[in-house]
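Peer 1: okay, predicted coordinates and the sequence, questions at the end:
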Amino acid sequence: AQTVTQSQPEMSVQEAETVTLSCTYDTSENNYYLFWYKQPPSRQMILVIRQEAYKQQNATENRFSVNFQKAAKSFSLKISDSQLGDTAMYFCAFRGSTLGRLYFGRGTQLTVWP
Amino acid sequence: NAGVTQTPKFQVLKTGQSMTLQCAQDMNHEYMSWYRQDPGMGLRLIHYSVGAGITDQGEVPNGYNVSRSTTEDFPLRLLSAAPSQTSVYFCASSYGGRADLNYGYTFGSGTRLTVV
């Protein structure tokens, strides 16, 4: 079975600073997809960034980027120039070959303060 | 607007009552799934479906039933509600295959269920 671990239940960062959220996973599969989802207080799940395991290049989406280390099974999220609107719960998720299944970590609550 | 529609948004049940959480999507997604979110536990998969007529169990299926008679709808049934089923429930859908990488999964806005 796949497992996803987020070891930081809570983090905080000052506005305009950079913060990194950690995620590790365990799998025996070679090709898979990894995602970061954001859940603000509205409860809506919003896709932040995605990465395919076959691609060596780290994904970036504006202020969000990942550090994907396949051998170490690590998939951290870096948020640059943090904004107050980044305050949310962030979930790391894994999708392997089992169709339709998405595995989530327990989440990291990020607070951005002025 | 296209997306995943969940109803109701809030529900209070008494122990032993039954109810159905509704989920509908209009994006012609193959895959649909139900998750429950509990504090400190992340989202855990209850049941999922890879197409009409095909369903399978996830991590926490006990106490829940699903069926998928159409591509659009994937209702979740609580047969006899228990306080342990107090949670926030999310329905999600996706195209499947490589499109999951490009588009991710689309989530409904959630149902907060309290069983007293």
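Peer 2: Structure's in. What do you need?

Peer 1: and the residue nearest to the spatial centre of chain A, how far from chain B?
Peer 2: Nearest to the geometric centre of chain A sits A:Trp36, at 3.4 Å (CA atoms, centre = their mean). Distance, A:Trp36 to chain B, using CB to the nearest CB, to the nearest Å: 10 Å. Any C-beta I mention is one placed from the backbone N, CA and C, and that applies to glycine too.

Peer 1: show me what contacts the residue positioned nearest the centre of chain B?
Peer 2: Nearest to the geometric centre of chain B sits B:Trp34, at 2.6 Å (CA atoms, centre = their mean). By CB atoms under 8 Å, 6 or more residues apart in numbering or on different chains, the contact list for B:Trp34 reads B:21, B:23, B:45-48, B:58, B:64, B:66, B:74, B:76, B:89-92.

Peer 1: could you redo the last one with a cut-off of 10 Å?
Peer 2: The contact partners of B:Trp34, by CB atoms under 10 Å, 6 or more residues apart in numbering or on different chains, come to B:6, B:21, B:23, B:43-49, B:58, B:60-61, B:64, B:66, B:74-76, B:89-92, B:108, B:111.

Peer 1: in terms of helices and strands, where is it?
Peer 2: strand B:31-38 (DSSP states H and E).

Peer 1: partner strands of whichever helix or strand comes after that strand and their direction?
Peer 2: Using DSSP H and E, the helix or strand that follows strand B:31-38 in sequence is strand B:42-51. In the sheet, strand B:42-51 lines up against strand B:31-38 (antiparallel), strand B:54-57 (antiparallel) (DSSP bridges).

Peer 1: redo those as CSV? Include mean pLDDT.
Peer 2: Below are the strands paired with strand B:42-51 laid out as CSV (pLDDT from 0 to 100):
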stretch, mean pLDDT
strand B:31-38, 96
strand B:54-57, 95
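
Peer 1: identify, out of these, the most deeply packed stretch.
Peer 2: Counting by mean count of other CB atoms under 10 Å in any protein chain shown, strand B:31-38 has the highest mean neighbour count of the strands paired with strand B:42-51, with a mean of 24.
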